[in-house]
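[1] I need the structure of the sequence given here:
(chains A and B)
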Number of protein chains: 2
Amino acid sequence: MIQKHIVVNGVPHNVFVDQEATLAKVLREQLHLLGTKVGCGEGMCGACNVILDGKLVRSCVTRMKRVDDGAQILTIEGIGTPDDLHPIQRAWVKHGGAQCGYCTPGFIVSAKALLDQNANPTRDQVRDWFQQHRNACRCTGYIPLVDAVIDAGKVLRGEKKAEDLDYKLPPDGHIWGSDSYYPRPTAIPKVTGTIKYGGDIALELPPDKLCLALVQAKVSHANIKGIDTSEAEKMPGVFKIVTHKDVKGNNRINGLANPANKGDGKERPILCDKKVFQYGDAIAVVCASTEAEAKAAAAAVKVDLEVLPAYLSIPAAKAPDAIEIHPGTPNVYFYQYLRKGGETKPHFDRPDAVIAEETVITSRTPHMPLEPDCAFGFPHDDGGIIIHSKSIGVHLHKAMIIEGLGLADDKLHLVSNPMGGTFGYKFSPTNEAIVAACVMATGRPCYLVFDYHQQMQYTGKRSPFYGTVRFAADKSGKLLAMETDYDVDHGPYCEFGDLLTIRGVQFMGAAYDIPDVRGLGRTVCTNHAWGSAFRGYGGTQAQLISEIVADKLAEKLGMDPWEFRYKNACRPPATNPSGQVLDSYSYVEMLEAIKPKYEAALKKAKAESTATHKKGVGLAMGSYGCGLDGPDSSNARVELNPDDTITVRTAWEDHGQGADMGGVGTAHQALRPMKVSPDRLKFTWADTRNPVSGPAGGSRSQVMTGGAIRVACENMLAGLKKPNGGGYYNHAEAKAAGVPTQYDGTFSVPGTPCDENGQGKPFMVYMYGVCLSEVTVEVATGKTKVDKIVFNVDIGKVNNRLIVDGQLWGGVAQAIGLALTEDFEDIDKHKTMIGGGFPYIKDIPDQIEIVYFENAREHGVHGAAGVGEIPLCVPHPSILNAIYNATGARVTRIPALPERVLEAMKK
Amino acid sequence: MIQKHIVVNGVPHNVFVDQEATLAKVLREQLHLLGTKVGCGEGMCGACNVILDGKLVRSCVTRMKRVDDGAQILTIEGIGTPDDLHPIQRAWVKHGGAQCGYCTPGFIVSAKALLDQNANPTRDQVRDWFQQHRNACRCTGYIPLVDAVIDAGKVLRGEKKAEDLDYKLPPDGHIWGSDSYYPRPTAIPKVTGTIKYGGDIALELPPDKLCLALVQAKVSHANIKGIDTSEAEKMPGVFKIVTHKDVKGNNRINGLANPANKGDGKERPILCDKKVFQYGDAIAVVCASTEAEAKAAAAAVKVDLEVLPAYLSIPAAKAPDAIEIHPGTPNVYFYQYLRKGGETKPHFDRPDAVIAEETVITSRTPHMPLEPDCAFGFPHDDGGIIIHSKSIGVHLHKAMIIEGLGLADDKLHLVSNPMGGTFGYKFSPTNEAIVAACVMATGRPCYLVFDYHQQMQYTGKRSPFYGTVRFAADKSGKLLAMETDYDVDHGPYCEFGDLLTIRGVQFMGAAYDIPDVRGLGRTVCTNHAWGSAFRGYGGTQAQLISEIVADKLAEKLGMDPWEFRYKNACRPPATNPSGQVLDSYSYVEMLEAIKPKYEAALKKAKAESTATHKKGVGLAMGSYGCGLDGPDSSNARVELNPDDTITVRTAWEDHGQGADMGGVGTAHQALRPMKVSPDRLKFTWADTRNPVSGPAGGSRSQVMTGGAIRVACENMLAGLKKPNGGGYYNHAEAKAAGVPTQYDGTFSVPGTPCDENGQGKPFMVYMYGVCLSEVTVEVATGKTKVDKIVFNVDIGKVNNRLIVDGQLWGGVAQAIGLALTEDFEDIDKHKTMIGGGFPYIKDIPDQIEIVYFENAREHGVHGAAGVGEIPLCVPHPSILNAIYNATGARVTRIPALPERVLEAMKK
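    Just a heads-up that it's a prediction; the model follows:
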């Protein structure tokens, strides 16, 4: 240890530190300045940016021995406070710069350092700065962040008043609608670094808290012959080592398998007992006083393994000699057929048929939230176990883990923390059952915070499709039939693998009017990272394949891709592959609107292409459903509080997408007769003690939970309306009049799940989009750069513009990563943010144009559909098609890494 | 555990807490808001005051289960920051409200709560408020705190600008002198709660830190037959249990005994091995991950004791059948004779002699700093052990403990933390060796923070004197001779007990011209709390006895007490009891100055006395030395830094008395030719790696270390003076010219220690004072209230007015406590602040008038003497004399509790 005298935010501190400790750890764990976030922990994300002696540094890689004595350090806490925001923070609020908010402190500190040295940067200089300092954002697509810096600069230069950045209510007081830039309720806590994420709250638990460290498998498939914790148990600080023997229930996560699933859905252990199924599987947990002690003891636990062949791909798992990963269940364990209209063979056999076919392999995409997975739990004095995590399905996860833990229903409660992004990976339970088992075994508060390698290696991934699509058209270009055949590599655990496979039949070719369709999807068990939800779940993979084939067919037909799509887009009364009429036939208007931009882009690309840099333009269109398959429903409650604020109580989980604003905006609109000012509306963090709202996935929440909120609000309006027409009771009046102050609402949609032929009404509300991409491909390297995106979307009526702009910009950015860089195939190489292909600001164009086509939805609250998934369903095939347009290279495996583009160019 | 949603300083927090946890613990240990201090920990001191839902509460006794969900909490961190002080904080700086600073956050929060509800309080309302809310201050005498609230109120009401509270340098730029109210360098950190005390830094140590809990004796005297740690070692979180067997050296504190001492001075173990010598003695130390774990394991350590008779008083320890507490050393182990002038017997035998005699017993006074004792230590990467504590003698303590620990000189460094007051108890090592032993045994950072009961029961106390003084005068009232005989109850450890005993011969009757003196003092070993330094060390006890006897003699002579003192006060060439001429013969001018006030007070007391409330006036005079006995010296260094600031590097420990200002003020005055602005002068916390400055006790630091600083500065002036007379080199110029930038200074005084007859020149600089007290005694109860104090002091030239006013007001307040309430005789009953008789604001008059007689001292830097001890040497006898004047009750044992006054009134 050494001593350093440092001045943090103007306050002198004598700190006594391990000289190898990072500045981030010292700031967070010793000085408790929790606004500084640790994302990747290896200098790749900038969440930990602080200003050290005037220089922007990543504190997670700055060792204390390199911090000078007397050093001056500025953290987010020193920039501004909730009561006294810095102009950069005000601008961040105005532009919706904080979505999940986890990157926000690092970006704001970075922006401060930039503006300190360049008071009037251009947009490109801002982008260069964030690129240079590796400020990574996974939510926003970076555009609003640059907007915020530019605006803050104006205030700092005196060209604008700070107050002008603040939101002003319109005269009629509404906050619902595409003209509304009302800031989300969590904006100020996020821009000031005062919101606490799970890893922050973990540090604020009582002193008897235990840090958990996992003993994880370093192989992908093995039989467990023994677990020896004896030496580790004697190590300093170890309170207990928890293994499967300490788990009180059946030690299984219930995957809630589809009845057609060949397994029982209970193949995932909470803690491994008989087998290891994938790299990183948890075998034991050390519960110790400190992180270092827990990790040291975890390394000392001896696990005796009989290593088995690892099946890391569909072909390997399907090979004839492959053993069953879960003995008794075949490795191909679920089948979904698609039979719409008549047989397709006759169309393909027609002599005049024009046929296109392609086999496409999609990636095992890592979600790469800024915040690694984390959870904590504690024994509540009421006798129950409380687990706080990044769950985006608290009731769902409770149902999945309670039997494994052996707890009664009223003895387990799950709560969502503020989260630094999930993008779907937390639709699966990850750490909840492990932490609960440790709380039960120790009786102490416990916390488990992953490092980024664990986040990458031991949370679910987007499952790869190995899929073939064939289109048949007549000579005029009219689509006659589609045939699909695909395997889904869902990793070792079935959880929702069936659901994902069903998404294949629902979304391959979903934008097109195709009378006759036949298809088959299979779910395959492998030993690679387990499949979890990810924005665009299934629609992403399905529409990538069919949109590549659509372009290929257009070429065969000698048609322009736009013409082909315009001719074949669903028009009334055409149905989607599930045989369902569309809830908004907006492809045609969106295609028409994009046409002049498309033509101009084609002209520009042709003009600007050079021998070394080829430019191209691509199109794609598609859709995604809002909800769970079939008859979805949700519940909400609104409560008039004694101070006349109104709490909107739901389990709408906020993973950064904006559940806070979703709930408040929806309720405000529904309550407009009561003339409630929006700051009187309070949202709640999701909790199993709140009404059952269902998970925050599949873009269902605005529709379903929004609907339930609307109903609850309508019930409140009816209940609080004074009999004489003199307005509404306030809390005191309601109590005096004996009128209830709490009102429940339930909302359901009359969907039907897809049957064995893939036919049904799985979603009553859909989103639609048409996307135009412009790219440049460097001929020598194959490296592709997206220059511009135009994305026409029909997400119904818009709740709040900041939220949907952010969702769409951010989703498009993820689509670019999906198309070009992101992967988790190599367990070692891809375990970091850079290794996993995280898109930084210079990977994302500054020009992402979003155009809204606001067709009100019958089943959407106030006419709204969802938004989150659609940008992960449409833009990425347009990029692949643009690469082809630029170079003639048909890339059929994503990510379209330079080497793959080069290889395709050679063909 | 439970969850609470609370809003702290405007920031929402979800906290997960033990419902029995106190709000103070949650704020400090979970939310790391360390500005909220825990003093007594039982609601008696207000250091932990916060505002909870608009109401001032003591957070140390507010359980979380009583904090409402949604509660709004304001702590010192939410009131103002170093860059943006609240007007109350600015006023606190202006008035020198923060001395040690430990009570400051609680007072400022309390003042905020008051001004929130009463914008224009009177002084009495402010005093009532602080009394009602038990805001306890041990440093200031409360006067500047009331001044600050009144001034802040003016700003808050708009009657004054906040800026008008700020210090402005005079045109000539000086900060030295009695006209200087320059705020101490630590003022802003203290008023904002951002300065970190030992218990705060302990919480900021790296995560592998170990909390120490002592296994302490619950009896006062015993043989140790066995220590069984086996069960405790297996308990959760226990890293190691350290006993005497783990101590690498001789396990003894070296008491640095006087050669005439009958023991070797090494009777105090670091950890008890063979015997327990007093209640609370440390037998073992549990080193564990958390405080709760350490305490639980400490309770489980089994100690097998053979209980011995406990000698808790001088008579008990001197009884013929008393065994030797330290076998081989008699319980009366040191003798100091006083032989000045001729024999005294002839004077007392004179038939016309007027003789007065009294036996007085003084109290085992507890220091009662706001901050309980604390320390932490760690293994430095350079191989040494670093201990941070409240040491006010870092080099002294290193010398006392290094042999016991078995460390080489370069392997142990002691450092002073910012301290919440010591008032001398930390002149003795307390926890340093224990913490060092634990760091050595564990290799980890370790901390030990006492609770208030431990502070009371297991730190040194002011040693009681059982003393008799006899005066003989002639009929005219001229003093002829004095005889003294006294025992000093120094508890079980000799450390400086000899020194203290010598103080008896130096200060009994020290203000008087007494030609012939004979005396004898003895140091007695007992099993009660060990004796340590306390402001006024020895002078307090000595002059209490002789000033009571002086009043008694005056009465016998039929003289007014003032007349008696005026007649007999030392005038040139009279010498003090050590045979030394005075360095300032100021008694006469101080007595003359006080006379009209005295006479007016007498008249007023007579007029206002009633049958139920008797008023009286008392006088006392006395002196105290500045330094250690004999040839004291100190060292300092001044360093011109690259940024042209100047570091004043010493080991002048700051226990709140103002070493920061002492060093900066002294250096600034010495460096005036260089025209250094005072904010360029930096002080250092005391550290054994700094020059040896000697301990910060005995009011020696301003004289001795101040002198060393002056010499170092003069060396700097000479070294940096440009040859051409063109001013002084800055750092860059000095480096370029090859001129040194560091300058050392050594300062010595030519004293001689007292010889076996008590004769010598123990101090080359003294302080002098004359005090007038006005009291009211309630006849029915005997309860005494001090109405007013006038204190004329000669402390030489004044460095800084805020500092010396604060020292004197605060010292007078302690003198009132000493006279009336403070005691630590009953180990159980007196273990709390209230039990120990802590003086609250209503115990201290708002009228304490300090009048300076600035006679420059030959050996004092810039003419200054010290200041800290004199208010503990003079006011308290004046209070006892005033009680007599009011009631005729001669109280001869302090504290003069109501029952003692009643009893004396009956006589």
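
[2] can you show me the strands along the stretch 151-300 of chain A?
    Counting by DSSP state E, counting those that start in this stretch, residue ranges of the strands within the stretch 151-300 of chain A are A:210-216, A:222-228, A:238-242, A:252-253, A:268-269, A:275-276, A:282-288.

[3] and of the ones you listed, who's closest to residue B:492?
    strand A:238-242 (39.7 Å; Cβ to Cβ). Where you see a C-beta, it was placed from the backbone N, CA and C, and this is true even at glycine.

[4] so, in contact with chain B or not, that closest one?
    Yes. Between strand A:238-242 and chain B, judged by Cβ under 8 Å from any Cβ of the partner chain, the touching residues are residue A:239.

[5] let me see the mean pLDDT of that strand.
    Across strand A:238-242, the average pLDDT comes to 98.

[6] measure how that strand sits relative to strand A:282-288, angle-wise.
    Relative orientation of strand A:238-242 and strand A:282-288, computed by axes from the mean of the first three to the mean of the last three Cα atoms, to 10 degrees: 160 degrees.

[7] any idea how far residue A:837 is from residue A:820?
    Using Cβ to Cβ, to the nearest Å, residue A:837 is found at 8 Å from residue A:820.

[8] who has more neighbours out of these two?
    With neighbours defined as other Cβ atoms under 10 Å in any protein chain shown, residue A:837 and residue A:820 compare such that residue A:820 has more, 27 against 22.

[9] quick check: pLDDT value at the residue of the stretch 451-600 of chain A found nearest chain B.
    Nearest residue of the stretch 451-600 of chain A to chain B, counting by Cβ to the nearest Cβ: residue A:451, 15.4 Å away. We have a pLDDT of 98 for residue A:451.

[10] tell me how far it lies from residue B:206.
    Taking Cβ to Cβ, one finds residue A:451 at 18 Å from residue B:206.

[11] so for those two, which residue has more residues nearby?
    The neighbour count for residue A:451 versus residue B:206, taken as other Cβ under 10 Å, is higher for residue B:206 (21 against 17).

[12] residues in contact with the more buried one?
    Applying Cβ atoms under 8 Å, 6 or more residues apart in numbering or on different chains, we find residue B:206 in contact with A:1, A:16, A:17, A:18, A:21, A:29, A:30, B:445.

[13] just want the residue of the stretch 351-500 of chain A that's nearest chain B.
    Proximity to chain B, evaluated over the stretch 351-500 of chain A using Cβ to the nearest Cβ, is greatest for residue A:378 at 4.6 Å.

[14] may I ask which helix or strand encompasses that residue?
    strand A:374-379 (DSSP states H and E).

[15] now residue A:19: closest residue in space, sequence neighbours ignored.
    In space, and not counting its chain neighbours, residue A:19 is closest to residue A:65: 4.0 Å by Cβ to Cβ, 6 or more residues apart in numbering or on different chains.

[16] just checking, that neighbour touches residue A:18?
    No. With contact defined as Cβ atoms under 8 Å, residue A:65 does not reach residue A:18; the gap is 9.2 Å.

[17] more neighbours: those two, which one.
    Of the pair residue A:65 and residue A:18, residue A:18 is the one with more neighbours under other Cβ under 10 Å, namely 21 against 13.

[18] shared neighbours, residue A:837 and residue A:820?
    residue A:895.

[19] dump the strands of the stretch 151-300 of chain A to CSV, plus mean neighbour count.
    As requested, those are exported to CSV (neighbours: other Cβ atoms under 10 Å in any protein chain shown):
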stretch, mean neighbour count
strand A:210-216, 25
strand A:222-228, 15
strand A:238-242, 24
strand A:252-253, 23
strand A:268-269, 24
strand A:275-276, 24
strand A:282-288, 27
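
[20] now do the buried residues in stretch A:626-639.
    Neighbour counts over stretch A:626-639 (16 or more other Cβ atoms under 10 Å in any protein chain shown) mark A:626-630, A:632-639 as buried.

[21] contacts only, for the residue nearest to residue A:241 when sequence neighbours are not counted.
    In this structure, residue A:241 finds its nearest non-sequential neighbour in residue A:229, 4.2 Å apart by Cβ to Cβ, 6+ apart. Residues near residue A:229 by Cβ under 8 Å, 6+ apart: A:241, A:243, A:284, A:301.

[22] coming back round to it: wait, isn't the residue of the stretch 451-600 of chain A closest to chain B in contact with residue A:60?
    No. Taking contacts as Cβ under 8 Å, residue A:451 lies outside contact range of residue A:60: 10.5 Å.

[23] shared neighbours of these two, anything?
    residue A:41.

[24] quick one: contacts for the residue in the stretch 201-350 of chain A positioned nearest to chain B?
    Relative to chain B, the nearest point of the stretch 201-350 of chain A is residue A:289 (3.5 Å; Cβ to the nearest Cβ). Neighbour list for residue A:289: A:210, A:211, A:237, A:239, B:237, B:289, B:290 [criterion: Cβ under 8 Å, 6+ apart].

[25] turn the residues you listed into JSON lines, including distance to residue B:176.
    Converted to JSON lines, the contacts of residue A:289 look like this (distance: Cβ to Cβ, whole Å):
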{"residue": "A:210", "distance to residue B:176": "56"}
{"residue": "A:211", "distance to residue B:176": "54"}
{"residue": "A:237", "distance to residue B:176": "53"}
{"residue": "A:239", "distance to residue B:176": "58"}
{"residue": "B:237", "distance to residue B:176": "53"}
{"residue": "B:289", "distance to residue B:176": "50"}
{"residue": "B:290", "distance to residue B:176": "49"}
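
[26] got the buried residues for the lengthiest helix in chain A?
    Counting by DSSP state H, the longest helix found in chain A is helix A:587-608. Buried residues in helix A:587-608, counted by 16+ other Cβ under 10 Å: A:587, A:589, A:590, A:591, A:593, A:594, A:597, A:598, A:601, A:602, A:605.

[27] what's that helix packed up against?
    Other helices and strands packing on helix A:587-608, by 3 or more Cβ pairs under 8 Å, 6 or more residues apart in numbering or on different chains; DSSP states H and E, are helix A:561-568, strand A:613-625, strand A:766-778, strand A:784-794, helix A:875-887.

[28] can you list those in a markdown table and add mean neighbour count and mean pLDDT?
    As requested, these are exported to a markdown table (neighbours: other Cβ atoms under 10 Å in any protein chain shown; pLDDT from 0 to 100):
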| stretch | mean neighbour count | mean pLDDT |
| --- | --- | --- |
| helix A:561-568 | 21 | 98 |
| strand A:613-625 | 27 | 98 |
| strand A:766-778 | 28 | 98 |
| strand A:784-794 | 24 | 98 |
| helix A:875-887 | 28 | 98 |
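
[29] for the residue nearest to residue A:19, what are phi and psi?
    Phi and psi for residue A:65, reported as degrees, to the nearest 10, are phi -70, psi -20.

[30] chain B contacts on the stretch 401-550 of chain A?
    So far as Cβ under 8 Å from any Cβ goes, the stretch 401-550 of chain A lies against chain B at residue A:445.

[31] where does pLDDT dip in the stretch 401-550 of chain A?
    Of all residues in the stretch 401-550 of chain A, none has pLDDT under 70.

[32] separation between the residue nearest to residue A:241 and residue A:217?
    Counting by Cβ to Cβ, the gap from residue A:229 to residue A:217 is 16 Å.

[33] now residue A:72
    45 Å.

[34] now do the same contact list for the closest residue to residue A:640 other than its chain neighbours.
    Ranked by Cβ to Cβ, 6+ apart and with sequence neighbours excluded, the top spatial neighbour of residue A:640 is residue A:741, at 4.2 Å. Applying Cβ under 8 Å, 6+ apart, we find residue A:741 in contact with A:639, A:640, A:641, A:731, A:734, A:735.
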